[in-house]
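K.L.:
here is the input, now give the coordinates:
(chains A, B, C and D)
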Number of protein chains: 2
Amino acid sequence: MPATTHPKNAPRFDRTAAAILDAAAHVFSEQGTAASLADVAAAAGVSRATLYRYYPNREALLSALGAHALTELANRLNDAGLERATVTDAIERLARALVAVGDRYAVLTSDQCTPDKADAERLLSAPMRAVFQRGIASGHLRPDLTADVQQQLFAGTIMAAIKLTQRHQLGPEEASAAAAAVFLDGARPR
Amino acid sequence: MPATTHPKNAPRFDRTAAAILDAAAHVFSEQGTAASLADVAAAAGVSRATLYRYYPNREALLSALGAHALTELANRLNDAGLERATVTDAIERLARALVAVGDRYAVLTSDQCTPDKADAERLLSAPMRAVFQRGIASGHLRPDLTADVQQQLFAGTIMAAIKLTQRHQLGPEEASAAAAAVFLDGARPR
DNA sequence: TCTGGATGAGACATAGGTGTATCATCTCGG
DNA sequence: CCGAGATGATACACCTATGTCTCATCCAGA
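P.N.:
Sure thing, here's the model as predicted:
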């Protein structure tokens, strides 16, 4: 029973909850997480009172949104089978997954609004770090830079790719491919 | 007469103005541009009333800060002599300049607070774009990605480098070097 | 030393967001 | 068809930040 979609026949409660969450993702990614909850409610086609019935305060909404983003991303990373793939492949899949999810949740990374920091570490940071560490150990990634540093630089490239998609300069596919290509091989032709 | 430093013998007016601007850069880069002006005043060692005497409202302060960042960056880019250098050298100098200035003004990029968009274009975007366009034309940069796209990806790498310095994981020198190295040659060893 | 400009402290009105509560209305499922 | 739960509209108190104003004080330069 996939909970990722929002079927019409789902209980009304779940549907409005999801609608609010979607609206929050949309509004926050455009105006920043400081946007008024009134705007979120309006974007969800719901009164302000209803929003507060589902999420008693801003923190709860932000936290729920973070949890939603986290599980969606974790699912994609699971499906990607990072540990069974080449380091190169793993990084390309990582790029695809992060860009696909990130264009709606990128704002959440700047504000520390992770529902549970341990979950984020376990579901995101750890698998990613594993890829970079494996890459360095196997000689597929440069040994002169820490796994952590390379991960940060990769993240920066991904954020740029997300911006490119948000400005409609590139589709998600091309953007993630460009990011992975430049990160792996550089902007200089071989 | 370099205006970049704040000499003790400068008129008191200029000194406090600069102190407020410095404090604003510091506070905003830590708490985001939505931080309270009371916090900025406190960080500047100045009363709230005084801050308002110098900058009548938040927008004026933000605008002045943007102008300050812009001129500082423009000076560095001028000194870098980008057009007289190799594309590779130009990119490395670009990285150094952006990281050196950016760790205090990075916040300003997310919020559109540029004093004058035309100035930003003329002083920053244009020189940078020139480097990337020249690189593609001369075969020093990959031809399969637009100059604009490569510039965005480079910017993302720079933002990551700035974060690395802010977290004290790397010094500004190492961070900009790492960013330039990965951007130019990729994370994969040759 | 004297004085004018700069400052700090604080009061003040305003605006906007937040979270709570109430009540009438709607709507969907049994 | 009917009723319980969901919703919308609205009012409310509260808080925080903003921008303005006044007045006493301070300090540097003439």
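K.L.:
write out the residues of chain A neighbouring DNA strand C.
P.N.:
Within reach of DNA strand C by CB under 7 Å from any atom of the strand, chain A has these residues: A:R12, A:S36, A:L37, A:A38, A:R48, A:A49, A:Y52, A:P56, A:N57, A:R58, A:E59. Just so you know, the C-beta spots here come from the backbone N, C-alpha and C atoms, and that holds for glycine as well.
K.L.:
burial measure for the fifth one, as a count.
P.N.:
Meaning A:R48. A total of 14 residues lie near A:R48 under the criterion other CB atoms under 10 Å in any protein chain shown.
K.L.:
excluding residues flanking it in the chain, which one is nearest it?
P.N.:
The shortest distance from A:R48 to any residue that is not its chain neighbour, by CB to CB, 6 or more residues apart in numbering or on different chains, is 4.6 Å, and that residue is A:A41.
K.L.:
thought that neighbour was touching A:T50?
P.N.:
Yes: with contacts defined as CB atoms under 8 Å, A:A41 counts as touching A:T50 at a distance of 7.0 Å.
K.L.:
mind listing what the residue nearest to A:R48 touches?
P.N.:
For A:A41, the residues meeting the contact criterion (CB atoms under 8 Å, 6 or more residues apart in numbering or on different chains) are A:I20, A:A23, A:S47, A:R48, A:T50, A:L51.
K.L.:
show me what from chain A comes close to chain B.
P.N.:
Contact residues of chain A with respect to chain B, defined by CB under 8 Å from any CB of the partner chain, are listed as A:32, A:34, A:88, A:110, A:135, A:139-143, A:145, A:148-150, A:152-161, A:163-164, A:169-170, A:178-179, A:181-189.
K.L.:
let's see 6 Å
P.N.:
Within reach of chain B by CB under 6 Å from any CB of the partner chain, chain A has these residues: A:34, A:141-142, A:145, A:149-150, A:152-153, A:156-157, A:159-160, A:164, A:178, A:182-189.
K.L.:
buried residues in stretch A:29-45?
P.N.:
A:S29, A:G32, A:T33, A:A35, A:L37, A:D39, A:V40, A:A41, A:A43, A:A44 (16 or more other CB atoms under 10 Å in any protein chain shown).
K.L.:
dump the residues you listed to TSV, plus pLDDT and secondary structure.
P.N.:
Below are those laid out as TSV (pLDDT from 0 to 100; DSSP: H, G, I helix; E, B strand; the rest coil):
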residue	pLDDT	secondary structure
A:S29	94	helix
A:G32	92	coil
A:T33	93	coil
A:A35	96	coil
A:L37	98	helix
A:D39	97	helix
A:V40	98	helix
A:A41	97	helix
A:A43	97	helix
A:A44	96	coil
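K.L.:
which one of those residues is nearest to DNA strand D?
P.N.:
For the buried residues of stretch A:29-45, the residue nearest DNA strand D by CB to the nearest atom of the strand is A:A41; the value is 7.7 Å.
K.L.:
what's the distance between the closest one and A:R15?
P.N.:
A:A41 sits at a distance of 15 Å from A:R15 (criterion: CB to CB, to the nearest Å).
K.L.:
could you list the low-confidence segments of chain A?
P.N.:
Low-confidence segments of chain A (pLDDT under 70): A:1-13, A:113.
K.L.:
if we use 90, what do you get?
P.N.:
Residues of chain A meeting the criterion pLDDT under 90: A:1-15, A:103, A:109-122, A:190.
K.L.:
sorry, back to before: between the residues of chain A next to DNA strand C, which is nearest B:T114?
P.N.:
Checking these against B:T114 by CB to CB gives A:S36 as the nearest, at 24.3 Å.
K.L.:
what does stretch A:82-91 contact?
P.N.:
Taking contacts as CB atoms under 6 Å, 6 or more residues apart in numbering or on different chains, the residues outside stretch A:82-91 that touch it are A:P127, A:V131, A:R134, A:G135, A:H140, A:A180.
K.L.:
the last one: how many residues sit nearby?
P.N.:
So that's A:A180. Number of residues near A:A180 (other CB under 10 Å) recorded here: 23.
K.L.:
from DNA strand C, how far out is it?
P.N.:
Distance from A:A180 to DNA strand C, counting by CB to the nearest atom of the strand, to the nearest Å: 37 Å.
K.L.:
dump the strand or helix carrying that residue to PDB, keeping only the CA atoms.
P.N.:
Element membership of A:A180 [criterion: DSSP states H and E] is helix A:172-185. Once non-C-alpha atoms are left out, helix A:172-185 reads as follows in PDB (Å, rounded to 0.1, in the frame of the first residue of the first chain):
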ATOM      1  CA  PRO A 172      15.700  17.100 -13.700                       C
ATOM      2  CA  GLU A 173      17.300  14.400 -15.900                       C
ATOM      3  CA  GLU A 174      19.700  16.800 -17.600                       C
ATOM      4  CA  ALA A 175      20.500  18.700 -14.500                       C
ATOM      5  CA  SER A 176      21.400  15.600 -12.400                       C
ATOM      6  CA  ALA A 177      23.400  14.200 -15.300                       C
ATOM      7  CA  ALA A 178      25.300  17.500 -15.700                       C
ATOM      8  CA  ALA A 179      26.000  17.600 -12.000                       C
ATOM      9  CA  ALA A 180      27.200  14.100 -11.800                       C
ATOM     10  CA  ALA A 181      29.300  14.500 -14.900                       C
ATOM     11  CA  VAL A 182      31.000  17.700 -13.700                       C
ATOM     12  CA  PHE A 183      31.500  16.300 -10.200                       C
ATOM     13  CA  LEU A 184      33.100  13.100 -11.400                       C
ATOM     14  CA  ASP A 185      35.100  14.300 -14.400                       C
END
